[in-house]
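**Student:** With the input below, show me the fold.
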Amino acid sequence: MDKLRECPFCGQSDTVTLTTAREMEDCKSSGTCQLRDCESVTVVCDFTQGGCGASGRYARTEEEAAECWNRRAT
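**Tutor:** Purely as a prediction, here's the structure:
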């Protein structure tokens, strides 16, 4: 898998990571998200690590999520 590019919003790269829909749901307090049982993956600029909280689109695989995150205009 290719290295994840920096966040297009805050410019940080050390806070950008792959995460699953389940991990995203675990951070919410309501427990009502429809994505709870999905096997979806996305890239996020992790706000718990000092990032801005931006995220990419959900994908079925880590490779697809990374490709979508990295594919943007320069």
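**Student:** Report whether Leu18 is found in a strand, as I expect.
**Tutor:** Yes - secondary structure assignment (DSSP: H, G, I helix; E, B strand; the rest coil) places Leu18 inside a strand.
**Student:** which residues touch it?
**Tutor:** 4, 41-43, 62, 65-66 (Cβ atoms under 8 Å, 6 or more residues apart in numbering). Glycine gets a C-beta too; all of them are placed from N, C-alpha and C.
**Student:** beta partners of it?
**Tutor:** Val43 (DSSP bridges).
**Student:** okay, it: pLDDT?
**Tutor:** pLDDT recorded at Leu18 is 95.
**Student:** What separation do you get for it and Ala59?
**Tutor:** 10 Å (Cβ to Cβ, to the nearest Å).
**Student:** intersection of neighbour lists for these two?
**Tutor:** 41-42, 65.
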